[in-house]
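Student: Show me the folded form of this:
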Amino acid sequence: MSSPAREPLLAVSDLSIDLTGETVQRGLIHDVTFAVAPGESVALIGESGCGKTMTAMAVLGLLPRGFAVTGGEILLAGRDLLRCSARELRAVRGRTIGAIFQEPMSSLDPTMRVGDQIAEARRLHLGESRRVARVRAKELLDRVGIADAARRLDSYPHELSGGMQQRVMIASAIACDPDLVLADEPTTALDVTIQAEILELLRELRSEQGIAVLLVTHDLGVVADFCDRVVAMYAGTVVERAGVDDLFADPAHPYTRALLDAVPQTGHPRTLLPVIRGRVPAAGHFPAGCRFEPRCAHGGDARCLAPQHETTLAERRTVRCARAADGDPVTRPVATV
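Tutor: Numbering: from 1, shown residues only. Below is the predicted model:
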């Protein structure tokens with residue numbers, strides 16, 4: 001599933017985000033670097049609290065109040081989004097970048113008919129008339145697999161099932177033919193059958209329209225099935241970047257290894273499920289050295305107590321681990337209950 005190197009559509013370099021205001025916490029997101037090429041799907045993975053969604057929101061220019069980007073750059077087709085005004089970012093969102101959020105009922109306007117919500121993006125960004133935009137909205141509902149689209153144009157979000165709501169979100173995200181779609185846990189609240197349908201729809205959009213996807217997810221099965229490359233994050237930093245096949249076959253960072261081992265396996269009854277001891281450190285309370293060191297099977301190594309830096313292992317593959325950089329093996333965590 002790996003793809004050849006291409007010029008990136010999205011390039012995030014050395015991104016840092018701090019909590020500002022009355023309470024200051026630095027380095028919540030620290031030195032995050034990754035890229036997404038045209039037509040490529042890249043996954044951000046990691047436990048809750050690792051900074052995946054915060055990183056994605058920085059790309060969209062939608063950080064919560066009190067958080068600020070304090071370093072790095074975010075280039076979209078060579079344009080630095082961090083230097084754009086609020087008005088310029090509004091023009092980018094929906095037109096060049098589409099967004100699919102985890103909870104459609106929290107993102108769709110409950111007071112607007114779904115057809116009007118989809119058409120609104122085309123009217124704002126493309127200047128279409130209400131009539132033309134509505135025709136296009138019906139075509140989009142057809143495209144995302146909603147039956148009887150002409151009637152559903154006049155439905156309110158609460159009148160649709162969860163799977164249909166997510167399809168409406170996708171239709172809205174692709175309404176203006178964006179180059180990049182940012183999908184934050186797009187299948188988490190759906191049953192496995194609807195999950196498969198949504199992923200197949202996104203796969204078709206990538207194939208037919210060349211849309212790139214930045215996928216934020218906990219589901220490693222979805223990553224293996226859908227993505228080209230993986231960016232593993234822990235406690236606000238990128239610990240490993242690799243092609244999906246390379247990462248699943250031979251993870252280089254102990255955290256990535258532990259994540260993969262924690263996935264339940266079929267065909268092995270009465271075996272203990274490996275777990276990662278402890279939890280992600282709270283924001284502002286990160287260890288001075290490797291942020292994963294207190295939970296790592298190799299914790300206590302003097303190399304782990306020093307600040308960690310990204311090391312290039314191969315083309316388009318990096319790891320932030322001094323042990324891995326020295327070629328030391330990554331062992332499996334001990335299963336506990």
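Student: Tell me the buried residues in the helix ranked longest in the chain?
Tutor: The helix that spans the most residues within the chain, counting by DSSP state H, is helix 192-209. Counting neighbours by 16 or more other C-beta atoms under 10 Å, one finds that the buried residues in helix 192-209 are 194-195, 197-199, 201-202, 205-206. To be clear about C-beta, it is placed using only N, CA and C from the backbone, and glycine gets the same treatment.
Student: and residue 326, how many neighbours does it have?
Tutor: 9 (other C-beta atoms under 10 Å).
Student: And residue 300, by the same measure?
Tutor: Neighbouring residues of residue 300 were enumerated by other C-beta under 10 Å; the total is 9.
Student: While we're on the residue nearest to it when sequence neighbours are not counted, how confident is the model there?
Tutor: Spatial nearest neighbour of residue 300, excluding adjacent residues (C-beta to C-beta, 6 or more residues apart in numbering): residue 293 at 7.8 Å. Reading off the confidence values, residue 293 has pLDDT 93.
Student: In contact with residue 293, which residues?
Tutor: Taking C-beta atoms under 8 Å, 6 or more residues apart in numbering as the contact definition, residue 293 lies against 287, 299-300, 304-305.
Student: Please repeat the previous calculation with a cut-off of 6 Å.
Tutor: Remark: with contacts taken as C-beta atoms under 6 Å, 6 or more residues apart in numbering, residue 293 is in contact with 287, 299, 304.
Student: these two touch, right, the last one and residue 290?
Tutor: Yes. Taking contacts as C-beta atoms under 6 Å, residue 304 lies within contact range of residue 290: 4.6 Å.
Student: Please identify which of those two sits among more neighbours.
Tutor: A count of neighbours by other C-beta under 10 Å puts residue 290 above the other of residue 304 and residue 290, at 30 against 20.
Student: helices or strands next to the strand or helix carrying residue 70 in the packing?
Tutor: In the assignment (DSSP states H and E), residue 70 maps to strand 67-76. Contacts of strand 67-76 with other secondary structure elements, assessed using 3 or more C-beta pairs under 6 Å, 6 or more residues apart in numbering; DSSP states H and E, are made with strand 10-19.
Student: partners of the helix or strand just after the strand it packs on in the sheet?
Tutor: Past strand 10-19, heading to the C-terminal end, the next element that is a helix or strand (DSSP H and E) is strand 25-36. Strand 25-36 pairs in its sheet with strand 10-19 (antiparallel), by DSSP bridges.
Student: Quick check: buried residues in the helix-or-strand element of the chain with minimal mean pLDDT?
Tutor: Among the helical and strand segments of the chain, the one scoring lowest on mean pLDDT, DSSP states H and E is helix 104-107, with a mean of 83. Taking 16+ other C-beta under 10 Å as the neighbour-count basis, helix 104-107 is seen to contain the buried residues 104, 107.
Student: Please apply the same query to stretch 89-105.
Tutor: Across stretch 89-105, burial judged by 16+ other C-beta under 10 Å covers 92-102, 104.
Student: Pipe the residues you listed into a markdown table and attach secondary structure per row.
Tutor: Supplementary listing: the buried residues of stretch 89-105 in a markdown table, determined by DSSP: H, G, I helix; E, B strand; the rest coil:
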| residue | secondary structure |
| --- | --- |
| 92 | helix |
| 93 | strand |
| 94 | coil |
| 95 | coil |
| 96 | coil |
| 97 | strand |
| 98 | strand |
| 99 | strand |
| 100 | strand |
| 101 | coil |
| 102 | coil |
| 104 | helix |
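Student: Which single one of the residues you listed is nearest to residue 56?
Tutor: Within the set of those, residue 99 lies nearest residue 56; the separation is 8.5 Å, counting by C-beta to C-beta.
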